[in-house]
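**Student:** sequence first, then the predicted structure:
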Amino acid sequence: MLQDDQTVSFQPMYVDGDQPWVTKLFVLYLLIVGVASTVRVVLLAANLRKLRKAEKNPIPALLSDALWTDCYSKAHSFKDLSVVTFLLSLLNFVWCTANDLISIRAEKTPNVAYVLARTGDGLVALGLGLIFCIALYSAAMLSGAAIRRRRSASSKFDLTSKPA
């Protein structure tokens, strides 16, 4: 008799399950960007080293200009990657949050703890994306400063320029 009067409401507990495919794809993107930007930093450092050696042993102006152009484009690409990574991290967060909110839309009694936990999972991916954005933007700023410093130092020793 006592059991007939009780109603049991089912509120699912949050179980740390698989991440959505969007988040997995975003993490793969971050890995690829991390490897590609590391390779670009190494190539940029190699080009700057070649330009420093060019101060001691003059190289043709066409090759020197090509190296400067390559250095500038690599430094600028870090800034572009930073912007794309920021936008993709926001897109990933919004997509995951929308999926979470859609999944609880049909529940009779929404579980706030479940929503907060799933939103927290999305915030982890957003934070990771922002860390990559900061690293890429810092790489752009530092490499740009190094290129400008090297360019001003090499212009003092430029043998092709005519004295004023």
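**Tutor:** The structure has been received and is ready for your questions. Numbering: from 1, shown residues only.

**Student:** CA only for contacts and neighbour counts going forward, please
**Tutor:** Fine.

**Student:** what comes up buried for the host helix or strand of Arg49?
**Tutor:** Arg49 belongs to helix 21-56 when elements are defined using DSSP states H and E. Of the residues in helix 21-56, 23, 26-27, 30, 33, 37, 40-41, 44-45, 47-48, 51, 54-55 count as buried by neighbour count, 16 or more other Cα atoms under 10 Å.

**Student:** from the residues you listed, which is closest to Tyr114?
**Tutor:** Comparing the buried residues of helix 21-56 against Tyr114 with Cα to Cα picks out Thr23 as the nearest, at 18.2 Å.

**Student:** am I right that the closest one is in contact with Asn92?
**Tutor:** Yes: using Cα atoms under 8 Å, Thr23 is in contact with Asn92, at 6.3 Å.

**Student:** nearest residue to Ile134 in space, please, no chain neighbours.
**Tutor:** With Cα to Cα, 6 or more residues apart in numbering as the measure, Ser82 is the residue that lies nearest to Ile134, at 7.3 Å, once sequence neighbours are left out.

**Student:** helix 21-56 and the strand or helix carrying the one you found, what's the angle between them?
**Tutor:** According to DSSP H and E, Ser82 maps onto helix 61-105. Interaxial angle, helix 61-105 versus helix 21-56 (axes from the mean of the first three to the mean of the last three Cα atoms, to 10 degrees): 160 degrees.

**Student:** avg pLDDT for helix 61-105?
**Tutor:** Helix 61-105 carries an average pLDDT of 87.

**Student:** which elements pack onto that helix?
**Tutor:** Helices and strands touching helix 61-105, by 3 or more Cα pairs under 8 Å, 6 or more residues apart in numbering; DSSP states H and E, are helix 21-56, helix 112-156.

**Student:** lowest-confidence helix or strand of the protein?
**Tutor:** Using mean pLDDT, DSSP states H and E, helix 2-5 stands out as the lowest-scoring helix or strand of the chain, at a mean of 56.

**Student:** returning to that earlier point: what's the closest of the helices and strands packed on helix 61-105 to Cys96?
**Tutor:** Once the helices and strands packed on helix 61-105 are compared by Cα to Cα, helix 112-156 is nearest, at 6.1 Å.

**Student:** centre of the chain to the closest one, how far?
**Tutor:** 6 Å (Cα atoms, centre = their mean, to the nearest Å).

**Student:** how about stretch 35-55?
**Tutor:** 21 Å.

**Student:** just the C-alpha atoms of that stretch, please, in PDB.
**Tutor:** This file holds the C-alpha atoms of stretch 35-55, laid out as PDB (Å, rounded to 0.1, in the frame of the first residue of the first chain):
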ATOM      1  CA  VAL A  35      52.500  20.500 -35.200                       C
ATOM      2  CA  ALA A  36      52.200  22.800 -38.200                       C
ATOM      3  CA  SER A  37      53.000  25.900 -36.100                       C
ATOM      4  CA  THR A  38      56.000  24.200 -34.500                       C
ATOM      5  CA  VAL A  39      57.300  23.300 -38.000                       C
ATOM      6  CA  ARG A  40      56.700  26.900 -39.100                       C
ATOM      7  CA  VAL A  41      58.600  28.300 -36.100                       C
ATOM      8  CA  VAL A  42      61.600  26.000 -36.900                       C
ATOM      9  CA  LEU A  43      61.600  27.100 -40.600                       C
ATOM     10  CA  LEU A  44      61.300  30.700 -39.600                       C
ATOM     11  CA  ALA A  45      64.300  30.400 -37.300                       C
ATOM     12  CA  ALA A  46      66.200  28.700 -40.100                       C
ATOM     13  CA  ASN A  47      65.400  31.500 -42.500                       C
ATOM     14  CA  LEU A  48      66.400  34.100 -40.000                       C
ATOM     15  CA  ARG A  49      69.700  32.300 -39.500                       C
ATOM     16  CA  LYS A  50      70.300  32.200 -43.300                       C
ATOM     17  CA  LEU A  51      69.700  36.000 -43.300                       C
ATOM     18  CA  ARG A  52      72.200  36.500 -40.500                       C
ATOM     19  CA  LYS A  53      74.800  34.500 -42.500                       C
ATOM     20  CA  ALA A  54      73.900  36.600 -45.500                       C
ATOM     21  CA  GLU A  55      75.200  39.700 -43.600                       C
END
